[in-house]
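In: Okay, sequence plus prediction incoming.
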Amino acid sequence: MTQPPQEGFDRSVEDAREWMKAMQERLQFNDNTQGPRVALEARLRETEKLCQLEPEGRVKVDLVLRVAETLLACCREDQKPEILAQLKDIKAQWEETVTYMTHCHSRIEWVWLHWSEYLLARDEFYRWFQKMMVVLEAPVELQVGLKEKQWQLSHAQVLLHNVGNQAVLLDRLLEEAASLFNRIGDPSVDEDAQKRMKAEYGVVKAKAQDRVSLLEQMTREHEDFQADVDEFQLWLNAVVEKVNGCLGRSCKLSAQHGLSMLQDIASDFPRGEKSLRRLEEQAVGVIQNTSPLGAERITEGLEDMRRALEKMRVLWEEEEERLQGQLRSMGASEQQWRQLEAELGEFRKDLQRLAKEGLEPAAKAGTEDELVARWRLYSATRTALVAEEPRVAWLQAQLKELITLSRDPQPLSDSVVAALQEFQSMKGKSTKLRNATGLELWQCFQRPLQDLQLWRALAQRLLDVTASLPDLPSIHTFLPQIEPQDGCHHSKLASSREQHLVQEGTARGKEAFSIHHLKQGANHPSQKPQQVPYISLARSHDCPSVSHWLRMMGLPAPAYTDYRPNPVLKCDQRRQFR
């Protein structure tokens, strides 16, 4: 049986209204963001299911529209306004229901998503917080030196900067927490939770700031200590340079100026000692904030500076003592200079006197006596010069000693060197003149000796010839034959400057003849032996003179035969005479 259109329309309208009413009631029940996250998530799932029922409601509304269209086609005109009013109300109610469904679900979903994002940000914040707490709660690691401490401070400053950057995230988290609390009212985002987050951030920030402050203090102390060390090193290097400038004999400063500089340096030593003590006091705090290796280096550096300062003090004391001794000796050295100048003047005068008396050029000697006198003069001059050698050695020693103490020894040293050169020149000249005169005198003595050798050979020959004659008449017969030969030798000897030796040779021949005559007369007893004077070379005054001057010259005297009668031979002759 067919249902009338009016009934179908009324029934469809009633079904649609009941569905929408039930939907709105369910939406109103779930339209709440307050409470814990679990309840919000359940409401989100419920609203999502309700949104999924929208097609069912749309079917009911579409059915109303179709039934109303059929009803409008067959109903009276006066019924149409009522039907259209109902359709309009159904459409409005549907739109309201759909909108409510969407808004309710979207609102719950937005709160849920907002809360999820907040939780993610909060979890990230707390992870950062835990990480920073681990880093900041660790004790500060002691470093070796200043550079490492500066690096450590830079790292701590980076951490502090990171903490500062987290303040922006914290502010956003607090804003989100306040907004969520207004929507959900959950204790996890209430004011106490927000205060806890602020307090935890404050702890991290305080720890980071404390670490930076501590490292800044440690670094600043080490920087101040290092700056003072560098300043002390500069002062110590300046003192070393000043002391080295005053040290040793290579220093070009005068003793007075050097002592003045040393006094200035001495006035700096108390300041250096005070600075070093202050460094040692500072080092105590620095060492406490430094690793064992760095502390050992700091201690060794202070010890090195202490040793260097003590070394400079010792060098200063030694140099001051040396310069004071030099000043004390300057008076004595001035006296020595004057003494050296006076002695040098006397020495030069003596050299001039010796040069004038014994080395002046003279005319050529004509006689032996003049040669001998000249040789004696040159020998005496050389002896006098040799006697001056200790004086020369004293001048050299005095000059060498005084050169080390004099500021400008050049003029006097030049004078001493010139005098010594003059002395050596005179010594060489005297030796040369003495040797030349001795050679000339030797040559002069050699000629008579050569003539004497010729005479000796002649006399020996005469003796040999007369000794072989048998009787006295033979001698008278043989004598005219010997005289021409004797005359020949006489002419040779006469050419020399020692002609008296020829006369001595003639007398020697006559003496030999007398000796032979005595030997022949020994056979006649009636004849008495005659006393015959024996003539020898000792009668010649030349031979002793020659030997004497040769010995004086230090030259070997030539060997010659002494023709004095042999006492043994004389006894033999007397026995023959008897």
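Out: Yep, it's here.
In: What sits closest to residue 294 if chain neighbours are left out?
Out: Among residues not flanking residue 294 along the chain, residue 144 sits closest, at 4.1 Å (C-beta to C-beta, 6 or more residues apart in numbering). For glycine as for every other residue, the C-beta is placed from the backbone atoms N, C-alpha and C.
In: Next one: that neighbour relative to residue 213, how far apart?
Out: Going from residue 144 to residue 213 by C-beta to C-beta, to the nearest Å gives 22 Å.
In: Check the gap between residue 167 and residue 208 for me.
Out: Distance from residue 167 to residue 208, by C-beta to C-beta: 12 Å.
In: ok, these two, which is more surrounded?
Out: When residue 167 and residue 208 are compared for neighbours, residue 208 comes out ahead with 22 against 11, by other C-beta atoms under 10 Å.
In: does that one really touch residue 160, like I thought?
Out: Yes. Assessed by C-beta atoms under 8 Å, residue 208 is found in contact with residue 160 at 4.4 Å.
In: Buried residues, the helix or strand where residue 275 lies. List them.
Out: For residue 275, the host element (DSSP states H and E) is helix 255-288. Using 16 or more other C-beta atoms under 10 Å as the test for burial, helix 255-288 gives 255, 258-259, 261-262, 265, 272, 275-276, 279, 282-283, 286-287.
In: Could you list the buried residues of stretch 439-457?
Out: Going by 16+ other C-beta under 10 Å, stretch 439-457 has these buried residues: 441, 444-445, 448-449, 451-452, 454-456.
In: what does stretch 95-108 give?
Out: 97-98, 100-101, 104-105, 107-108.
In: hmm, back to that, let me have the buried residues of stretch 439-457 in JSON lines, adding secondary structure as columns.
Out: Formatted as JSON lines, the buried residues of stretch 439-457 follow (DSSP: H, G, I helix; E, B strand; the rest coil):
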{"residue": "441", "secondary structure": "helix"}
{"residue": "444", "secondary structure": "helix"}
{"residue": "445", "secondary structure": "helix"}
{"residue": "448", "secondary structure": "helix"}
{"residue": "449", "secondary structure": "helix"}
{"residue": "451", "secondary structure": "helix"}
{"residue": "452", "secondary structure": "helix"}
{"residue": "454", "secondary structure": "helix"}
{"residue": "455", "secondary structure": "helix"}
{"residue": "456", "secondary structure": "helix"}
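In: which of those residues lies closest to residue 345?
Out: residue 441 (36.8 Å; C-beta to C-beta).
In: My read is that the closest one contacts residue 378, right?
Out: No. Between residue 441 and residue 378 there is no contact under C-beta under 8 Å: 10.8 Å.
In: Show the average pLDDT along stretch 229-244.
Out: Per-residue pLDDT over stretch 229-244 has a mean of 87.
In: who touches that stretch?
Out: With contacts defined as C-beta atoms under 8 Å, 6 or more residues apart in numbering, stretch 229-244 is touched by 261-262, 264-265, 268, 271-272, 275-276, 279, 301, 305, 308-309, 312, 315-316, 319.
In: Please enumerate the helices of the stretch 151-300 of the chain.
Out: 191-246, 255-288, 292-358 (DSSP state H, counting those that start in this stretch).
In: Which neighbouring elements make contact with the longest one?
Out: What it means is helix 292-358. Packed against helix 292-358 by the contact rule (3 or more C-beta pairs under 8 Å, 6 or more residues apart in numbering; DSSP states H and E) you find helix 191-246, helix 255-288, helix 368-387, helix 389-403, helix 410-467.
In: Reformat the ones you listed as CSV; add distance to residue 347.
Out: Below are the helices and strands packed on helix 292-358 laid out as CSV (distance: least, C-beta to C-beta, whole Å):
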stretch, distance to residue 347
helix 191-246, 37
helix 255-288, 30
helix 368-387, 11
helix 389-403, 6
helix 410-467, 6
